[in-house]
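>>> sharing a model prediction with you, sequence too.
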Amino acid sequence: MAALTLGVGTSHGPLLNTPPEQWDLRARADRSNRALAYRGADYTFAELLAARAPGFAAECELPERQRRYDNSRAAIDSVGHTLRTADVDVLVVVSSDHKEIFGDEMLPQFAFFWGEQMRHEPFTEADLAAMPPGLALAEVANVPATGTIRRGHPELALHLIRETSTAGFDPCASRELPAGRYGNHGIPHGWGFVYQQLLGGETDLPVVPLFVNTFWEPNPPSAARCFDFGVALGRAIASFPADLRVGVVASGGLSHFVVDEALDRAFLRALAERDAAYLRGVPNNLLRSGTSELRNWIVVAGALHQLDLSLDVVAYEPCYRSEAGTGCAAAFVTWTPPAVSK
């Protein structure tokens, strides 16, 4: 039977691929954003700065940015090493689609890709030119230099679709990824980050992508639904009738595009203490904008909840890019068997 032997949680925000002296490119976009989501309300930049006075100017000094960037990059290297040396046969990667693949024609709460293979495509010059300020610089790091075919694991994916359905959920099934925003059927950046930054780009490891609609109204799943789906996912993996070592990865989060250290630290504590009540109870009004990607982590926490794996918080770095506290909070964790825990 299959065994779930590894868990990983990783942020994938744009600041992780952007030199700190250029973080202001994204801060400029924040200053014109009239709906910066923070603790259940929307703010203009000026309103947010007033609400969070005296603000975070000291956190935006270049040496402090550089320190947080360096620590984050070291954590990516560390988590990538753990992932590459864990001897897993297949990964289930849980992440968010930013309407790169699924659009308003169909927004599934949960969707598995069950094809034999998927495309991972570089951006065209036109794609990069159309991106918001500061994103093109970051996103090229999540795609290969040339079109690449990535392996799926259709047998495991079909089993997960059937077993989570039997458990009372209604996952969508995608055998071929839609053309999507870029018209290339390519796997989006939440998975691209894992391929390029954690697995080193050149990998033949099979991956089952699990899409969670974390961002988009009207149907993002509640935290409780995500946790319970994760429990069903863990049981489905364990019942797969083949001798496979399976890893699960949560890609995205933590709080952004307004950093909320109190929320992040409470969330990491709940992960460490297996506090299912907290994880199931995170309110929907906190799970908005980029912070909604906590849902991916909650799914993985549910999958691992009953297993004897130890959590190691490799790093947590609140990467501020403006005095109003906008930015991306980066976190990197592993769940490993006790014998190999750090």
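That came through, no problem.

>>> restricting to C-alpha, output the helix or strand encompassing residue 27 in CSV.
For residue 27, the host element (DSSP states H and E) is helix 24-31. The C-alpha atoms that make up helix 24-31 are tabulated as CSV, following Å, rounded to 0.1, in the frame of the first residue of the first chain:
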residue,chain,number,x,y,z
ASP,A,24,9.4,48.8,-4.8
LEU,A,25,8.2,47.7,-8.3
ARG,A,26,5.4,45.8,-6.5
ALA,A,27,5.0,48.5,-3.8
ARG,A,28,4.0,50.9,-6.6
ALA,A,29,1.1,48.7,-7.5
ASP,A,30,0.1,48.6,-3.9
ARG,A,31,-0.1,52.4,-3.7
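
>>> buried stuff in it?
For helix 24-31, burial by neighbour count (16 or more other Cβ atoms under 10 Å) applies to 24-27, 29-30. C-beta here means a position set from N, CA and C on the backbone, and glycine is covered the same way.

>>> do stretch 111-127 as well
111-115, 118, 120-123, 127.

>>> filter those down to just the ones in helices.
Secondary structure assignment (DSSP state H) places residue 127 from those within helices.

>>> might you report the residue contacts of residue 45?
Residues in contact with residue 45 (Cβ atoms under 8 Å, 6 or more residues apart in numbering) are 30-33, 36, 322, 324, 326.

>>> so what's it closest to, chain neighbours aside?
residue 31 (4.7 Å; Cβ to Cβ, 6 or more residues apart in numbering).

>>> can you pull out the strands in the chain?
Taking DSSP state E as the criterion, the chain carries its strands at 3-10, 36-38, 41-43, 90-96, 110-113, 117-120, 148-151, 172-174, 207-212, 245-251, 256-258, 310-320, 326-336.

>>> what sits against the residue nearest to residue 181 when sequence neighbours are not counted?
Leaving aside its chain neighbours, residue 181 sits nearest to residue 100 (5.0 Å; criterion: Cβ to Cβ, 6+ apart). Residues in contact with residue 100 (Cβ under 8 Å, 6+ apart) are 180-182, 188-189.

>>> and these as CSV, adding neighbour count?
As requested, those are arranged in CSV below (neighbours: other Cβ atoms under 10 Å):
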residue, neighbour count
180, 18
181, 17
182, 17
188, 25
189, 27
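
>>> from those, which land in helices?
Among those, the members falling in helices are residue 189 (criterion: DSSP H).

>>> if we can go back for a sec, wait, which of the buried residues of helix 24-31 is closest to residue 315?
Nearest to residue 315 among those is residue 26, at 20.5 Å by Cβ to Cβ.
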